[in-house]
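>>> need a 3D model of the sequence below.
(2 chains)
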Number of protein chains: 2
Amino acid sequence: MKIAICQINPTAGDVAANRDKIIDRLAAASVQGADLVLFGELALSGAPLFDLVSHPDFTDRCMSALSDIADAEGGRACMSLIGMPTGDGDDVFDSVCVVAGGKMADCFSKAMPLSRDEAGRFSGMDAPGFDAPDDGMPQYTIKTEHGDILVVIGDDIQFIDTLDCFSSEETSPDLIVHLAAKRFAHSIIEEDAENYSALARTLKTPIVSCGIVGGSVDTVYHGGSMVFDKDGTMLLKMKNFVEDSVIIDFDNRHGFTGLFKRPLPVDGKSARTRHAYRAMVTATRDYFAKSGFKRATIGLSGGIDSAVVAAIAVEALGPQCVQGVTMPSRYSSEGSVSDSLQLAANLGIKCEKLPIEDVFSASLDTLAPLFGDAPFSVAEENMQSRIRGMLLMAVSNKFDTLVLNTTNKSEAAMGYGTLYGDTNGALSILGDLYKTEVYDVAEYINRNGEIIPMSIMEKAPSAELREGQKDSDSLPAYDVLDSVLYCLIEENMSVMDCAAECDVPVDTVVWIDKMLKINEYKRHQLPPIVSLSRMTLTRDRCMPLIVRY
Amino acid sequence: MKIAICQINPTAGDVAANRDKIIDRLAAASVQGADLVLFGELALSGAPLFDLVSHPDFTDRCMSALSDIADAEGGRACMSLIGMPTGDGDDVFDSVCVVAGGKMADCFSKAMPLSRDEAGRFSGMDAPGFDAPDDGMPQYTIKTEHGDILVVIGDDIQFIDTLDCFSSEETSPDLIVHLAAKRFAHSIIEEDAENYSALARTLKTPIVSCGIVGGSVDTVYHGGSMVFDKDGTMLLKMKNFVEDSVIIDFDNRHGFTGLFKRPLPVDGKSARTRHAYRAMVTATRDYFAKSGFKRATIGLSGGIDSAVVAAIAVEALGPQCVQGVTMPSRYSSEGSVSDSLQLAANLGIKCEKLPIEDVFSASLDTLAPLFGDAPFSVAEENMQSRIRGMLLMAVSNKFDTLVLNTTNKSEAAMGYGTLYGDTNGALSILGDLYKTEVYDVAEYINRNGEIIPMSIMEKAPSAELREGQKDSDSLPAYDVLDSVLYCLIEENMSVMDCAAECDVPVDTVVWIDKMLKINEYKRHQLPPIVSLSRMTLTRDRCMPLIVRY
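The predicted structure follows:
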């Protein structure tokens, strides 16, 4: 039988557009003689959906779109599997509908609403269409003339080995089809491949997986569509992050034919940085494409963070759609402007210059009767950042662009940034990358020649909000800081364990841990952060905003 | 037996302070001869905890604090029930520990982690100490010489009627003790009382409930500690929102002695507004008390929202700790300043005047080379709001105060507000009150005489960001808008049902629904909103930020 794997990029909620995309792919696959056409988890609805799943007519609209697909599919001989929400009200299920012979032939649902995004939204178990045993995981099998195909949705794959069918070779399916919507995270592409390989080997069953791709605000779906032989050999790996379709041949006697063995991917540092870069580009591109905006405005400080964001925006949107703004103050170094102009020239983007001195002076004068002779403090520092934020937003409002935020994870963790100033923006591109990782991405951007000027790569990080200020005045060196933050955030270590692991004085770790905790309030008002790790701040790690611990 | 009900106000994470509070109450109860001392759900840890429950040593610290309590309780004859998290790592339970004879005598846990706040954090079922049947709800019973006491934690009360013990009078407990942490919402106080009454009557069993009180950022625990006789009669109702303790007499032959019947509370509009007002005062007071800040800064526009926020802040913190700032522009009406000064005088607070003309002019001049002769637009409107936000934050930074946000639910729903401008602040006080409800609260504030000047009560709402602007230029009348928003948000109605229910043209509802959806991105960056409803925006209703639906 010919199986088409269609890895599409749906838009959350845009059921009509997703439907049309599915109809197109289905037609193309049908022309190529496909017997079974696969689409990923929630391909028809897009994801993540949050409370849209319980919107009064959302699932009805999905079901109506499925009818359109069935009508379009019409007299063709193929069967298709399409991920979508079903049910209504408080009982909405993460389902796969089977379309065959011009109608919905069947529908079955995911057993476990495991992820926190889904918590309280999708129902689990007892879904219609389930062949559910009293306890353990339900299963859904399609019987074809080329063998029995077990279909599994998303995280349910974790429980597949509890199924009775694998207890004997006779009841064991001939093929596992896994339909998923996989949220990108560092090294997940490599781990997925290893897990599939091990699973195929253990169950002595070939596996075909089909995912969805694309950015959905802070979430990036990387796809992860792959094919494995029953001995765990990878035979096919579809493209990461972008739409891709392929048709493969399978039958229960010969397995897959016409596919060649491929090595399992190796997780190296270069793959890690490359994948993170592509995830950020995907998130940026799709935020604009799906929200209908065309152009980005970025405040260029002459530092590494804004340079990397600008380069990512140019890759995602093209240089003509990216606008830099340099906003020097009385405390800015000369490089703040000249390095930004050089960066803009390298990227081929325009860079406007808006000095903030006049607005800053007027603000100080306005506040003078109230401030009296109180010494220069964080108030005046933050004012400069907020004036920049105000000007950037004015440019964005005037020219109908979106401001991209340039905060990194180290800053977000420590609260090293000004709320309503440099934390502004529609999307935080770097908010899940530690400062040291931002440099890795910068080097990757420069892999074929200088895009980000060396002067930006090499200068000491500074907020330039007072005379001669350096980040190192208030923060430990970034390599030390990042190693401690990694242990506290990603590894959830205690302060003592972290101090031992990082070989850093306990006092330093205690202070970093305190800063991490007391700045939750700032993170609460950050833009959505493109998720690159399993511990994205504000999403995977949410602490009480006021915590005396 | 003497039962002490201790309704305390714990701070999330501040285990040491909560422990000391518990030790104090326990000592006082013991002196008064208490045999059983009750504390609410999570009284030792505070709530909500979010990911603090899986912090590496959080539950250890709670357990260690429990040991201190047991030591302090020492040789006394009483038994106490204390709500706290137990377990570790991925297996953390919402538990009640039994302290008796100077040690932890037992520990049992909540079966269902039902609420979304707890989703993915607290584990359910199979907790240590459970007497868990194969299916259905586990139960925990304390046998005393005065009868059997069934103890239930939080939302598990929903499943209490599934317990076998209630099938016969012989196995039925003599008393139900319900330990809870109840999140305030409109009319929940009245509903709770009705539900307890009905439950006691149905199960023919008296009920004692003990809650926690206080504000925890956006969450207000109202307490809800009550006593019901087995015929469903309310015998005692402890104070709402504030700490309270009482000792009652109970035995299995005579029931409660020395308590008088009280009428069930009636949910009227006046109770609704009074409770909402007290919830907002509680949230404001505790945000400051628990974060260590003393003083609030509020931008006074001359409108109703900032006036109500100022009055609430004065009630919560005292007039000497509240500072108003009026920031007139070239578009401000005369009343913007004079009404604010009158309000400040009525409240007994200082009001600073910071005209924004000079900063606005300097900003326009700075942007002139870029803006050219582009017409006045939302860019210039928003600039004024952002300049005010910048000045307010400067005052807050300079004098170590917190800015209180004045956005209401109607504005938040429609995106009628400027991000990084009037959406600024540490806490949104009114973000869960529709504009028409804000007027109700204003009338309540004026119940004993004019606090909020009539000129503020009666003027047409305006953002005053351009010449002669009124809210009604861009929005339907607030009574129409609020009725539509209520149906869309609180009732989750479809557009067609909403149009019929509100008798509003479908086109108007479609437009409001669209504005509601496309402004999710603004709400994402709002401060935490004091929760007063079951559909608090950004908390109970989270839609995809980009949604083409």
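
>>> so which bits of the host helix or strand of A:Arg274 are buried?
Using DSSP states H and E, A:Arg274 maps to helix A:269-291. For helix A:269-291, the neighbour count (16 or more other Cβ atoms under 10 Å in any protein chain shown) marks A:272-291 as buried. Yep, even glycine has a C-beta here, placed from its N, CA and C like the rest.

>>> avg pLDDT for that helix?
In this model, helix A:269-291 carries a mean pLDDT of 95.

>>> and if you look at stretch A:18-25?
For stretch A:18-25, the per-residue pLDDT averages 97.

>>> same deal with stretch A:489-504?
96.

>>> near chain B, anything from that stretch?
Yes - counting by Cβ under 8 Å from any Cβ of the partner chain, chain B is contacted by stretch A:489-504 at A:492-494, A:497.

>>> which among those residues gets closest to A:Glu334?
For the residues of stretch A:489-504 next to chain B, the residue nearest A:Glu334 by Cβ to Cβ is A:Met493; the value is 42.1 Å.

>>> a helix runs through that closest one, doesn't it?
No - going by DSSP: H, G, I helix; E, B strand; the rest coil, the assignment for A:Met493 is coil, not a helix.

>>> hang on, it packs against B:Pro56?
Yes - counting by Cβ atoms under 8 Å, B:Pro56 is a contact partner of A:Met493 at 6.3 Å.

>>> out of those two, which sits in the busier spot?
A:Met493 (20 against 17; other Cβ atoms under 10 Å in any protein chain shown).

>>> next up, the contacts around A:Arg539.
A:218, A:529, A:531 (Cβ atoms under 8 Å, 6 or more residues apart in numbering or on different chains).

>>> and the first one, how many residues sit next to it?
Spelled out, that is A:Asp218. 24.

>>> any idea how far A:Tyr221 is from the nearest residue to it once chain neighbours are set aside?
Excluding the flanking residues, the one nearest A:Asp218 by Cβ to Cβ, 6 or more residues apart in numbering or on different chains is A:Pro528, at 4.0 Å. Per Cβ to Cβ, to the nearest Å, A:Pro528 is found 15 Å from A:Tyr221.

>>> repeat for A:Met454
For A:Met454, the distance to A:Tyr221 - Cβ to Cβ - is 36 Å.

>>> and A:Ser80, by the same measure?
20 Å.

>>> same thing with A:Ile298?
For A:Ile298, the distance to A:Tyr221 - Cβ to Cβ - is 25 Å.

>>> which SSE is A:Ser245 in?
strand A:244-251.

>>> report the buried residues of that strand.
A:244-250.

>>> what is it packed up against?
strand A:2-7, helix A:15-31, strand A:255-257 (3 or more Cβ pairs under 8 Å, 6 or more residues apart in numbering or on different chains; DSSP states H and E).

>>> okay, these in TSV with distance to chain B and mean neighbour count next?
Output for the helices and strands packed on strand A:244-251, formatted as TSV (distance: least, Cβ to the nearest Cβ, whole Å; neighbours: other Cβ atoms under 10 Å in any protein chain shown):
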stretch	distance to chain B	mean neighbour count
strand A:2-7	20	25
helix A:15-31	7	19
strand A:255-257	37	16
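
>>> among those, which comes closest to A:Ala311?
strand A:2-7 (26.6 Å).

>>> that closest one: partners in the sheet, and parallel or antiparallel?
strand A:36-39 (parallel), strand A:244-251 (antiparallel) (DSSP bridges).
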